[in-house]
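Engineer: Got a predicted model here, sequence first, then my questions.
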2 protein chains.
Amino acid sequence: MKRTTYCGLVNESFLGQQVCLKGWVQKRRDLGNLIFIDLRDREGIVQLVFSQEFEPQALKIADQLRNEYVIEVSGIVVRRADEEINAKMKTGTIEVEAHQVNILSKAKTPPFYIENGIKVADDLRLKYRYLDLRRPEMQQAIILRSKILQAVHRYLDDQDFINIETPYLTKSTPEGARDYLVPSRVYPGHFYALPQSPQLFKQLLMGAGFDRYYQIARCFRDEDLRGDRQPEFTQIDLETSFLTAQEIQDLTEGLLKKVMQNVLGIEIKLPLPRITWDEAMNRFGSDKPDTRFGMELTDMAAAVKGVDFKVFQNVLQKGGQVKAIVVPNGADHYSRKEIEAKQDYLKRFGAKGLAWLKVTADGFSGPIAKFFKDQVAEIKAAAGAKVGDLILFVADTRKVVADALGYLRTNIAHELNLIDESKFNFLWVVDWPLFEYSEEFHRYIAAHHPFTMPNEEDIHLLDTDPHQAHAQSYDIVLNGYELGGGSIRIHRREIQEKMFKALGFTKERAESQFGFLLNAFDYGFPPHGGLAIGLDRFAMLLSGKDNIREVIAFPKNSKASEPLTNAPSTVSVKQLDELGLEVEDD
Amino acid sequence: MKRTTYCGLVNESFLGQQVCLKGWVQKRRDLGNLIFIDLRDREGIVQLVFSQEFEPQALKIADQLRNEYVIEVSGIVVRRADEEINAKMKTGTIEVEAHQVNILSKAKTPPFYIENGIKVADDLRLKYRYLDLRRPEMQQAIILRSKILQAVHRYLDDQDFINIETPYLTKSTPEGARDYLVPSRVYPGHFYALPQSPQLFKQLLMGAGFDRYYQIARCFRDEDLRGDRQPEFTQIDLETSFLTAQEIQDLTEGLLKKVMQNVLGIEIKLPLPRITWDEAMNRFGSDKPDTRFGMELTDMAAAVKGVDFKVFQNVLQKGGQVKAIVVPNGADHYSRKEIEAKQDYLKRFGAKGLAWLKVTADGFSGPIAKFFKDQVAEIKAAAGAKVGDLILFVADTRKVVADALGYLRTNIAHELNLIDESKFNFLWVVDWPLFEYSEEFHRYIAAHHPFTMPNEEDIHLLDTDPHQAHAQSYDIVLNGYELGGGSIRIHRREIQEKMFKALGFTKERAESQFGFLLNAFDYGFPPHGGLAIGLDRFAMLLSGKDNIREVIAFPKNSKASEPLTNAPSTVSVKQLDELGLEVEDD
């Protein structure tokens, strides 16, 4: 039998026609002389009817069918009786009178239901991933991801980008995250590394004159995992020569518009909004603000100037900030205890306290309300608060204020369902600092990576005060997630050398790790820049999921292992011997 | 300045217009008050003219330019004087009168010329790969490769294939080639392996119901390298459910047609020719015959029946073969010494000798001609030889005859330039044996891989005489290269278990290595099959190169190292400690 269409695509245009379908038994209802089968394939579900009337032999086989059996069936498409029409089903107005059926594959009872919204342990889903992926929501997520790729290929092809593959077996560069290593057999004791990104290769491709490069690139980072991290992830990676940051952003906007059109049928308006990193931190307390809702941070320094509340005054005297967010109608939503729980949580951002006021008809209520009774109008005006609102203050350094209020803003917006989930708010955050201070490493690290070009007017700062420099870099943010980022790159040896120096590299280390790049700059290297977009995150956001595992066919679990194949696993002594390696005893 | 077009795209349609170009200085001719610059970008070269007449300031800068400087230039497109028209150059009828020029990047003298056909040591080319890739033939090869990918994506998207990524960190399966291993930090002493192909994952995706999968997949094999092997290579990988081998081949033919159209503008005729593996071995002595020329193998058993030449008779009595190829007009081309050199070479195929006859006007000449003087007409007729030809005989087992004559056929065709290099001869080789005997391992191995479905009528042989079984497998051959291969896969546990048994697996080993696949077969696994095409080889053949390194942007050298970045390299003790590994002392 040759399949004529997918189950989910049978519709009224097939009425009266014979169709041949192949798929999985989703459900069987046995009424004796009449058996209904819901047959499922990647496009959806259609109802088959087996009856003594049509074909006794087919009815007999239908009697043997169980969930997840694979069958092929041919029959006639008919309209359902009015009372049997299922408006919730895409194929709900028709059914197929089955005349012939063959069992192609039998099935044991699966360990969980093949349906949306199951509550099953993650590792069980991963162990039986081939069953988990049969569930319609997983099928749709993986298909959506493929549609993103389709749109990306078409758009970048149309824009004369060249699809070029870069190596996965490459050199370890200990700057940045931890590398996955691959022992060499030919050179025992030597290792390749899996790339954390194709950054240097794509820059070299600009040096080679390809002008516009792109690649759907797998990247590898051996880091401790979080919800939106995986040992391997995928980047839509691009690089161009001779373009300005603005021109690269314009190209990227075209790409995003095409993806949103082709994948979700949504028209986004260009140009996308754009704010500086400073503005993002000031207004949202975040370098990747979710702009689907308000609750922006407001500076309360002027309004609380006259308030006799020591905490605020001390901070202001030390040059710190007092800022607030207003929770609309939040006064009744949060008890003192709940607010104190949040205050505890804020300690991880270094915040020493959370001051709050509930706005009442006659002023403020709350433990510190008494300090503010003479400034009610000013404070309400400065914060933009009205009766019934809750005002939350943090007074501290700029960074602590931003981190704490930025967190509270999104945390509360989620709790109170203030976010319109149907929105896709893209936002450029531009003009980043070149460096950021790493609490982990106790030193300055590159805010993006060491190959980022400073703003022209800040290049001189590399000699004097490098950590004040800002960069020609830009992030694209979607709904509060960093979707991607890029920059104009350094293409001159002397600037790159200063950059390495500012990062604490000795000359020798810079040479041994990145000498090939510095040398390349000596041979006519064009100005260039690019961008990378996280495909996993993009697919996650467009399919409304909250974990990238839901848009990866075979992800690792939270311990970086793969319950289906049991990777990683032990290997033979012979394999290790060939590599000149020994496993240390515990 | 904003670029208006690429150098190589300036043509007469731009006459009189101002253009802005960006590129690399290919050549500079200084006539004092007149300087000519050939400016190069990825699309080609255009001639710039700087003159005292147009703009003295620009002429001054032009005077400083050296090869490989990166510049931006604006000027007016004019027609060249008739005597200066260069018909060999795409832009040879025009030039650009340069009015403004800026140096964007200076260049030291490159270690080799940036032009086609250089004679430079491979490792020097790889060390300066970013310069090597600037050479027009390398640019074109990498762009051609990208165009193949473009056509593949469009075709498979249009055919409703879903682009799905499978893991690169997966499980080691010691069957087959050697794996590259990746030590796990979370589980010291455990290893991921880089996949040799996505075979099992794509089969599981069929079990998951995706119906049509494709991926441009990187694959990894830690084998000793040859001209057309690299540690990492790329497959156009696809898999489908519910289709017959013929239907999969039809889909593939559509893909090949589209690629040939889009990339080379060549229309290939479908359906492609198709021969069985048996026929390929009989007629060409090869399972990947080059059909761009004749010189097929002919069976000489009948014709030499009456010849009193012991070597032939002994072989025939033992059930062996006597076969020949005819070198057209070969009698004068090869001396006795040259033929004996070939005979020596054939020893590697196990051939004990090479008999030969030159066809003269009055019979045969050569050391064994005397034995054949009564059968001149019969032998000439059987071999299809005419006066002036050289007949080469090998008498041995079927395998030795095929290997030896198959080798000679292509070796001589190349030596005598008998091959039309403009042809692209695709060919299906179908109905392969399921197993082949491995001289290396002294046992039967899977001819394709252990997941290949036997022919329906041969399934019973798995219980009795498995090595006689033929498989539902097919290779696509292009100009004597295996371009790709595929098969219908096993989707039933009991057949897969018999297959493992025939390969010498214990039940325990089959379970521990492939248990997840066997289990998956228990839950409604659809019939399925697919194919993989080697992208590197495809790009190599379409760009007329003879080594896949010429179509890979950053390949490894013949020692699997990467002279540009110096990968593989040593790593820090800290990195090894985190992985629980020690490097053995030499």
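Structural biologist: Perfect, I can see it now. Residues are numbered from 1 along each chain as shown, chains lettered A, B, ... in the order given.

Engineer: Pull the contacting residues for A:Thr506.
Structural biologist: By C-beta atoms under 8 Å, 6 or more residues apart in numbering or on different chains, A:Thr506 lies in contact with nothing. Heads up, the C-betas are built off the backbone N, CA and C, glycines and all.

Engineer: Tell me how many other residues crowd A:Asp63.
Structural biologist: The number of residues packed near A:Asp63 is 12, by other C-beta atoms under 10 Å in any protein chain shown.

Engineer: any idea of the pLDDT on A:Asp586?
Structural biologist: For A:Asp586, the model assigns a pLDDT of 61.

Engineer: whoops, A:Gly32 was the one
Structural biologist: pLDDT, A:Gly32: 84.

Engineer: go on, the one 4 residues further on?
Structural biologist: Reading off the per-residue confidence, A:Phe36 sits at a pLDDT of 97.

Engineer: pretty sure it is touching A:Ile45, no?
Structural biologist: No: applying C-beta atoms under 8 Å, one finds A:Phe36 not in contact with A:Ile45, separated by 11.7 Å.

Engineer: do the helix or strand hosting A:Ser146 and chain B meet?
Structural biologist: Element membership for A:Ser146 (DSSP states H and E) is helix A:136-158. Yes: interface with chain B: helix A:136-158 contributes A:Gln139, A:Ile142, A:Ile143, A:Arg145, A:Ser146, A:Leu149, A:Gln150, A:His153, A:Arg154, A:Asp157 (C-beta under 8 Å from any C-beta of the partner chain).

Engineer: Report all helices and strands that that helix contacts.
Structural biologist: For helix A:136-158, the packing partners by 3 or more C-beta pairs under 8 Å, 6 or more residues apart in numbering or on different chains; DSSP states H and E come out as strand A:162-163, strand A:212-220, helix A:245-259, helix A:535-542, helix B:136-158, strand B:162-163.

Engineer: Report the angle between the second one and helix A:245-259.
Structural biologist: In other words, strand A:212-220. Interaxial angle of strand A:212-220 relative to helix A:245-259 (axes from the mean of the first three to the mean of the last three C-alpha atoms, to 10 degrees): 70 degrees.

Engineer: Which is the succeeding secondary structure element to strand A:212-220?
Structural biologist: Using DSSP H and E, the next helix or strand after strand A:212-220 towards the C-terminus is strand A:232-241.

Engineer: Sheet partners, orientation included, of that next one?
Structural biologist: When sheet partners are counted by DSSP bridges, strand A:232-241 sits next to strand A:212-220 (antiparallel), strand A:528-534 (antiparallel).

Engineer: Next one: the residue nearest to A:Val186 when sequence neighbours are not counted relative to B:Arg221, how far apart?
Structural biologist: Closest residue to A:Val186 apart from its sequence neighbours, by C-beta to C-beta, 6 or more residues apart in numbering or on different chains: B:Ala560 at 5.0 Å. As judged by C-beta to C-beta, to the nearest Å, B:Ala560 and B:Arg221 stand 11 Å apart.

Engineer: Tell me where the stretch 301-450 of chain A has helices.
Structural biologist: Secondary structure of the stretch 301-450 of chain A by DSSP state H, counting those that start in this stretch: the helices cover A:310-317, A:336-345, A:376-383, A:398-415.

Engineer: A:Glu378: what's its closest spatial neighbour, skipping adjacent residues?
Structural biologist: A:Ala303 (4.6 Å).

Engineer: Repeat that for A:Val263.
Structural biologist: Once flanking residues are discounted, A:Val263 sits nearest to A:Lys147: 4.6 Å by C-beta to C-beta, 6+ apart.

Engineer: With distance to B:Ala361 and mean neighbour count as extra columns, can I get the helices of the stretch 301-450 of chain A in a markdown table?
Structural biologist: As requested, the helices of the stretch 301-450 of chain A are exported to a markdown table (distance: least, C-beta to C-beta, whole Å; neighbours: other C-beta atoms under 10 Å in any protein chain shown):
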| stretch | distance to B:Ala361 | mean neighbour count |
| --- | --- | --- |
| helix A:310-317 | 112 | 15 |
| helix A:336-345 | 103 | 14 |
| helix A:376-383 | 111 | 17 |
| helix A:398-415 | 96 | 21 |
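
Engineer: Out of those, the one nearest B:Gly524 is which?
Structural biologist: With C-beta to C-beta, the closest approach to B:Gly524 among these belongs to helix A:398-415: 39.2 Å.

Engineer: Render the CA-only coordinates of the closest one in CSV, please.
Structural biologist: Coordinates of each C-alpha in helix A:398-415 appear next as CSV, following Å, rounded to 0.1, in the frame of the first residue of the first chain:
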residue,chain,number,x,y,z
ARG,A,398,24.0,50.5,41.6
LYS,A,399,24.7,46.8,40.8
VAL,A,400,22.9,45.5,43.9
VAL,A,401,19.9,47.7,43.3
ALA,A,402,19.6,46.6,39.7
ASP,A,403,20.0,42.9,40.4
ALA,A,404,17.6,42.9,43.3
LEU,A,405,14.9,45.0,41.8
GLY,A,406,15.4,43.5,38.4
TYR,A,407,14.8,40.1,39.9
LEU,A,408,11.7,41.3,41.9
ARG,A,409,10.2,42.9,38.8
THR,A,410,10.1,39.6,36.8
ASN,A,411,9.4,37.4,39.8
ILE,A,412,6.4,39.4,40.8
ALA,A,413,5.2,39.8,37.2
HIS,A,414,5.1,36.0,36.9
GLU,A,415,3.4,35.6,40.3
